[in-house]
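Q: Pasting a predicted model and its sequence here:
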Amino acid sequence: MNKKKKYGAIVIGVSAGGLTALSFIFKKLPADFSIPIIVIQHRNTSQRDLLEEILQEKCKLKLKQADEKEKIKEGTIYIGPPDYHLLIESDHTFSLSSDARVKYSRPSIDVLFESASYVYQDRLVGIILTGANNDGSDGIKRIAKNGGMTIAQNPEDAEFPPMPEAAIATGSVRKILSLAEIQKCLLKINQE
Amino acid sequence: MNFDKKEFQDLLDSIHFIYGYDFTDYSEASLRRRVEHFMTSRKMDDLTYLGRTLAKDERLFAEFVLEMSVTVTTMFRDPAFYKSIRENVTKRLATYPFIKIWIAGCATGQEVYSLAILLEEEGLLNRSIIYATDINQKSLQIAKEGVYSIDGLKEYTLNYQKAGGTKSFSEYYKAKYNHVMFDKSLKQNIVFSPHNLAVDQSFNEFQLIICRNVLIYFKQSLQNKVFDLFYDSLCPFGFLGLGNKESLLFSDKKKHFEDIDKREKIFMKKKISS
Ligand SMILES: C[S@@+](CC[C@H](N)C(=O)[O-])C[C@H]1O[C@@H](n2cnc3c(N)ncnc32)[C@H](O)[C@@H]1O
């Protein structure tokens, strides 16, 4: 067992324009990247696991849809299933819920971020990428309040700026970075 | 709000103690979220205060229970599930002279009418009886009436078609003002009644049990308890249908069931019991 890392998990929220942005970041993550990454991508209900198949093609890490009651493991990227909220429990397992939509969204980025922040406190990194709504801004606030690291994609670099803009407008974002910079930042965080 | 773990646990314990409602085995993260939502909408910010108020105010508590249960549902939810029931299960059900079905956690009943329609089209409804249960009395009342807002109709119709429906969906309901009312003939073989999966016992033996999008709200320990209950309530070779994201994967009863449709989460009880 190596020494405990500074961060226990990375959560990413992304909406419109997500496939390109996620592919860009995941493509360059090395096979030994150990911090678990948990992603909420707003998407159509009918494509049950198409997104996972496409993204797995492009990355060296294991990537899968998060299962109900599954234990979060190192070196894995998890994507929330369509039409369910994804939450993290205190014992580091996932739970799903079909509660009402939050800000018109299910899955909701806020729901994942807030539950993750409760569990990981200051050992959490929260990232908001491209998107056309304002989901995730409350989650970012919560992560910052609990001492976690908060990052938003630079709106100028984002295919759809409103989502990172809304996150930045909360005043809770610590770093505003381009996709390439986020990529580098993740590599650095993995060493800490 | 950042709830203190112990205070949250105390709240659930005192609710259990005072009202007999046991939420302690519900998945915590989403329960916490709903409690948080309940408090913000009533401008409260202190868990201990909430606990004390709930203990004294029965009406508020009734509202609390309703808000703690998630009632989201639709007709032919996950159409592929119903298609699979049609293709893989109904033929075997047809071999029984009398078919008993339990739908646990039926919420406002859309799932129950969906199944009744499917059975009708397979020529099985007249010799079936569907027991539909839930803990939420308000939802059960709506289920019994079988009257729904017309807003959902487009989705219902689309889902019906995707689920392999063989007729025109409009044959099954009457539309009036802003509502649709499902046909009386569908209701004849349905019994709606309260049942709490966390505490109540088995009440019959069934050929098919459907319990979808209920277990995701339970911790593993309570899930296991409910799987035991279902196992005991199924006849040999009886079928169990779960929600799209639910599985027996992490449960102790896994080896007593066989996969019928892995993707749609349909299982069959093996004959030999241990
Ligand atoms: C999301 S709804 C699922 C409705 C429907 N089965 C479906 O899949 O669309 C969950 C239902 O489970 C019910 N429920 C929650 N706890 C329960 C318990 N302990 N016993 C019975 N029903 C319960 C809730 O009242 C709610 O109606």
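A: Received, thanks. Residues are numbered from 1 along each chain as shown, chains lettered A, B, ... in the order given.

Q: Going by C-alpha atoms from here, please, whenever you check contacts or count neighbours.
A: OK.

Q: looking at chain A, which helix or strand does the model trust least?
A: Least confident helix or strand of chain A, by mean pLDDT, DSSP states H and E, is helix A:50-57 with a mean of 92.

Q: Using PDB, write down the CA coordinates of the helix or strand where B:S185 lies.
A: Element membership for B:S185, per DSSP states H and E: helix B:184-187. The C-alpha coordinates for helix B:184-187 follow below in PDB (Å, rounded to 0.1, in the frame of the first residue of the first chain):
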ATOM      1  CA  LYS B 184     -62.800  -0.600 -15.500                       C
ATOM      2  CA  SER B 185     -62.300  -4.100 -17.000                       C
ATOM      3  CA  LEU B 186     -58.600  -3.700 -16.300                       C
ATOM      4  CA  LYS B 187     -59.200  -3.200 -12.600                       C
END
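
Q: List the contacts of it.
A: Residues from elsewhere that reach helix B:184-187 (C-alpha atoms under 8 Å, 6 or more residues apart in numbering or on different chains): B:Y113, B:A116, B:I117, B:E120.

Q: Can you tell me which of the residues you listed has the most neighbours?
A: Greatest neighbour count in the contacts of helix B:184-187, by other C-alpha atoms under 10 Å in any protein chain shown, goes to B:A116: 24 neighbours.

Q: Number of residues surrounding the closest residue to that one other than its chain neighbours?
A: Leaving aside its sequence neighbours, B:A116 sits nearest to B:L186 (C-alpha to C-alpha, 6 or more residues apart in numbering or on different chains; 6.0 Å). B:L186: 21 surrounding residues under other C-alpha under 10 Å.

Q: which helices and strands sit right next to the least confident helix or strand of chain A?
A: With contacts defined as 3 or more C-alpha pairs under 8 Å, 6 or more residues apart in numbering or on different chains; DSSP states H and E, helix A:50-57 has these neighbours: helix A:18-27, strand A:62-65.

Q: what do you get if the cut-off is 7 Å, keeping everything else the same?
A: Helices and strands touching helix A:50-57, by 3 or more C-alpha pairs under 7 Å, 6 or more residues apart in numbering or on different chains; DSSP states H and E, are strand A:62-65.

Q: Return the residues in contact with the residue of the stretch 51-200 of chain B found nearest chain A.
A: The nearest approach of the stretch 51-200 of chain B to chain A comes at B:V70, 5.7 Å away (C-alpha to the nearest C-alpha). Neighbouring residues of B:V70 by C-alpha atoms under 7 Å, 6 or more residues apart in numbering or on different chains: A:D99.

Q: ok, it to B:N136 distance?
A: Distance from B:V70 to B:N136, counting by C-alpha to C-alpha, to the nearest Å: 10 Å.

Q: Does B:K100 touch B:I130 like I think?
A: Yes: counting by C-alpha atoms under 7 Å, B:K100 does reach B:I130; the two are 6.2 Å apart.

Q: Count residues in the vicinity of residue 125, would you?
A: In the absence of a named chain, chain A is used. 27.

Q: was after chain B, sorry
A: 22.

Q: Run a quick check on it versus B:I117, I expect a contact.
A: No: taking C-alpha under 7 Å as the definition, B:L125 is not a contact partner of B:I117, at 8.0 Å.

Q: What strands line up against the host helix or strand of A:I10, and which way round?
A: Secondary structure from DSSP H and E places A:I10 in strand A:9-14. In the sheet, strand A:9-14 lines up against strand A:37-41 (parallel), strand A:124-128 (parallel) (DSSP bridges).

Q: any idea of the mean pLDDT in the first one?
A: Summarised as a single mean, pLDDT over strand A:37-41 is 98.

Q: out of B:K100 and B:I130, which sits in the more crowded spot?
A: B:I130 (24 against 19).

Q: in a strand, that's where the more buried one is, yeah?
A: Yes: per DSSP: H, G, I helix; E, B strand; the rest coil, B:I130 lies within a strand segment.

Q: That one reaches B:A104, doesn't it?
A: No: under the criterion of C-alpha under 7 Å, B:I130 is not in contact with B:A104, lying 10.3 Å apart.

Q: mind checking the SS state of the residue of the stretch 51-200 of chain B closest to chain A?
A: coil.

Q: my read: B:S251 touches B:L222, true?
A: No: look at B:S251 against B:L222 with C-alpha under 7 Å: they stay out of range, at 10.3 Å.

Q: Show me which of these two is the more surrounded one.
A: Set B:S251 next to B:L222 and count neighbours by other C-alpha under 10 Å: B:L222 wins out with 19 against 15.
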